[in-house]
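K.L.:
based on what follows, work out the 3D shape:
(chains A and B)
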Amino acid sequence: MSNGERGGISRFIRESAVWRSLFRQPYPTTSRTRALAVMNNVFLHLHPVRVKRHAVRYTYTFCLGGISFFLFLALTLTGLYLMFFYVPSISRAYQDIQVIEASVAFGSFVRNMHRWAAHLMVLTVFLHMIRVFYHGAYKPPREFNWVVGVVLLFCTLWLSFTGYLLPWDQIAFWAITVGTQMAVYAPLVGAETSFFLLGGIQVGQDTLLRFYVMHVIAFPLITAIFLVVHFWRIRKDGGISGPV
Amino acid sequence: MTQHASYGPVHGPPEGEISRRGFMRRMLGVGTGLLSLQFIGGTIAFLWPNVTEGLGAQITLGTAETINTAAPQWAEGLPYVYNQANLFFVNVPAGQARVEGEGLVTTPIPDPGDEVVALWRKCPHLGCQVPQLCEASQWFECLCHGSKYTILGQHRDGPAPRGLDSFPVSVVDGEYVIDTREVVSGPPAGTTGFDERTTDSIDHCTG
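P.N.:
This next block holds a predicted model:
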């Protein structure tokens, strides 16, 4: 194949209507066009065009927030896969997990990814909070984003707690029994809170369904909304905090 | 700092008066607030547990005859385990005979009338499921931390703060109806009944 022919094919592709609707500008080679390439792309525009030198130093943040977000995405994807094989019914849930582990192709792999990512996310979210605390990065103007972060911490813990019941084994059952029993000690509305969360007086079918809905849709959605605000606030508060 | 001409102060109503615009804004705020409250209240009401069966509902156990068919030893004092609502349904006179005969009942009592107790199997200590009557002691002995209760649910030993919680039972047309919507808190520690044996005087299933 001669050079002329290859150029012909590549030119044919690059001049096609589809290609030109996807890539509207030529490859950016100047500072200005690079900035525009970032700003004009819906995914890239979440990032700043330029970052401060200290912000890319790995040992400053250890990318803990980024890792937490990555784990959130991994959990969303693996969770979606698991939903194809899991029914939140007390007569099926435990068996479904066994089937995922034993019979589904890559089922054990996907479930373990979900499980380990969940444990890791709780860990990285905590470490992220500790990092922010010791850098004093919670101080004004970032105090609002600290509060958003605390909401996200609670969302993470709640997702972890609701997911814990779904395998419907002994440890799940008793963990949720003990956990919701603690809610009874809350002032004024303790017993009502427990009743509302359990969907009854003891852990049962209604509890499993409630926790499932909270785990797979309600709280992932709430978390995603707060994540958007969290990331947006970082930009608005002047990017990542710097060394004092 | 340069200021655009239109950035100047807006014309407002005189002091102490409210402008049309301000009034509309407030009404919008009030309306949105009311709708939000309505939405939150409606959501809670919608999601409020609707318990129609099992624990938390009114349960019809059936007549003494149906229970005797399901659990023949009920007439000999062995509590009837009703798992759907996590209950012990105790035949009190037969239970007394069982305790006094140390497990042996010569004359079974198939129909105790209204002398029955519905005990919740949830240990008032930390919520473990209390197992069926221990043969050695004729007490309920929690496996988790060793709380012990008489056949009437009175606390005898272990860390539980009180006796087993129970539910009111009524007899409607010969059928036992247990109202599990309201929990009756267990009797305080030290309450005694016909079973006055002490912990040290008998053998146990748990330590």
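K.L.:
the domain parsing of the chain - what is it?
P.N.:
Because you didn't say which chain, this covers chain A. A:3-46, A:57-236 (automatic domain parsing).
K.L.:
sorry, should have said chain B
P.N.:
Taken from automatic domain parsing, chain B resolves into B:13-47, B:58-201.
K.L.:
and chain A, which of those is closest to it?
P.N.:
domain B:58-201 (5.4 Å; CB to the nearest CB). To be clear about C-beta, it is placed using only N, CA and C from the backbone, and glycine gets the same treatment.
K.L.:
can you check the distance spanned by that closest one, start to finish?
P.N.:
39 Å (CA to CA, to the nearest Å).
K.L.:
quick one: is it near chain A?
P.N.:
Yes - Domain B:58-201 lies in contact with chain A when judged by CB under 8 Å from any CB of the partner chain; the contacting residues are B:86, B:122, B:126, B:127, B:180, B:183.
K.L.:
so what's the last one up against?
P.N.:
For residue B:183, the contact set (CB atoms under 8 Å, 6 or more residues apart in numbering or on different chains) comprises A:201, B:120, B:165, B:166, B:167.
K.L.:
top of these by neighbour count?
P.N.:
Highest neighbour count within these: residue B:120, with 24 neighbours (other CB atoms under 10 Å in any protein chain shown).
K.L.:
what's the most buried one of the domains of chain A?
P.N.:
domain A:57-236 (a mean of 16; mean count of other CB atoms under 10 Å in any protein chain shown).
K.L.:
please see if that one touches chain B.
P.N.:
Yes - using CB under 8 Å from any CB, we find that domain A:57-236 touches chain B at A:177, A:178, A:181, A:195, A:196, A:198, A:199, A:200, A:201, A:202, A:204, A:206.
K.L.:
greatest separation within the residues you listed: which pair is it?
P.N.:
A:178 and A:206 (18.2 Å; CB to CB).
K.L.:
re earlier: same list, the residues of domain A:57-236 next to chain B, but as a markdown table with pLDDT and secondary structure please.
P.N.:
As requested, those are exported to a markdown table (pLDDT from 0 to 100; DSSP: H, G, I helix; E, B strand; the rest coil):
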| residue | pLDDT | secondary structure |
| --- | --- | --- |
| A:177 | 89 | helix |
| A:178 | 88 | helix |
| A:181 | 86 | helix |
| A:195 | 91 | helix |
| A:196 | 94 | helix |
| A:198 | 93 | helix |
| A:199 | 92 | coil |
| A:200 | 88 | coil |
| A:201 | 85 | coil |
| A:202 | 86 | coil |
| A:204 | 90 | coil |
| A:206 | 93 | helix |
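K.L.:
buried sites along stretch B:148-164?
P.N.:
B:148-158, B:160, B:162-164 (16 or more other CB atoms under 10 Å in any protein chain shown).
K.L.:
just to revisit the earlier point, comparing the domains of chain B, which comes out most buried?
P.N.:
The stretch of the domains of chain B with the highest mean neighbour count (mean count of other CB under 10 Å) is domain B:58-201, at a mean of 18.
K.L.:
for the chain, what spans make up the helices?
P.N.:
Going with chain A. Here chain A has its helices, by DSSP state H, at A:3-14, A:17-22, A:31-39, A:58-61, A:64-83, A:93-102, A:107-134, A:143-165, A:170-183, A:190-198, A:205-213, A:219-236.
K.L.:
wrong one, chain B
P.N.:
Under DSSP H, chain B gives helices at B:20-47, B:64-70, B:92-100.
K.L.:
including mean pLDDT, could those helices go into TSV?
P.N.:
Listed next are the helices of chain B as TSV, based on pLDDT from 0 to 100:
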stretch	mean pLDDT
helix B:20-47	95
helix B:64-70	94
helix B:92-100	93
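K.L.:
okay, those helices in a markdown table with distance to residue A:85 next?
P.N.:
Below are the helices of chain B laid out as a markdown table (distance: least, CB to CB, whole Å):
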| stretch | distance to residue A:85 |
| --- | --- |
| helix B:20-47 | 27 |
| helix B:64-70 | 37 |
| helix B:92-100 | 48 |
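K.L.:
wait, what's in contact with residue A:111?
P.N.:
Going by CB under 8 Å, 6+ apart, the list of residues near residue A:111 reads A:78, A:82, A:97, A:100, A:101.
K.L.:
can you tell me how far the residue nearest in space to the middle of chain A is from residue B:82?
P.N.:
Geometric centre of chain A, nearest residue: residue A:72, 2.1 Å, by CA atoms, centre = their mean. For residue A:72, the distance to residue B:82 equals 44 Å [CB to CB, to the nearest Å].
K.L.:
can you list the weak-confidence ranges in the chain?
P.N.:
I went with chain A, as the question did not name one. A:1-6, A:244 (pLDDT under 70).
K.L.:
wait, I meant chain B there
P.N.:
B:1-7.
K.L.:
so for residue A:170, which of the domains of chain B sits nearest?
P.N.:
domain B:58-201 (11.2 Å).
K.L.:
about what we covered before: export the domains of chain B as CSV, with columns for distance to residue A:34.
P.N.:
CSV is the format used below for the domains of chain B (distance: least, CB to CB, whole Å):
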stretch, distance to residue A:34
domain B:13-47, 44
domain B:58-201, 61
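K.L.:
please, where are all the strands along chain B?
P.N.:
B:58-62, B:80-82, B:87-91, B:116-120, B:140-141, B:148-149, B:155-157, B:166-167, B:169-172, B:175-179 (DSSP state E).
K.L.:
surely residue A:82 and residue A:108 touch.
P.N.:
No - contact criterion CB atoms under 8 Å: residue A:82 and residue A:108 do not qualify, at 11.3 Å.
K.L.:
who touches both of the two?
P.N.:
residue A:100.
K.L.:
how much space separates residue A:101 from residue A:86?
P.N.:
Counting by CB to CB - residue A:101 and residue A:86 are separated by 12 Å.
K.L.:
middle-most residue in chain B, spatially?
P.N.:
What sits nearest the mean C-alpha location of chain B, by CA atoms, centre = their mean, is residue B:183, with 4.5 Å.
K.L.:
ok, so of the contacts of residue B:183, who is nearest residue B:195?
P.N.:
Nearest member of the contacts of residue B:183 to residue B:195, counting by CB to CB, is residue B:166, at 16.1 Å.
K.L.:
what's across from the closest one in the sheet?
P.N.:
residue B:119, residue B:184 (DSSP bridges).
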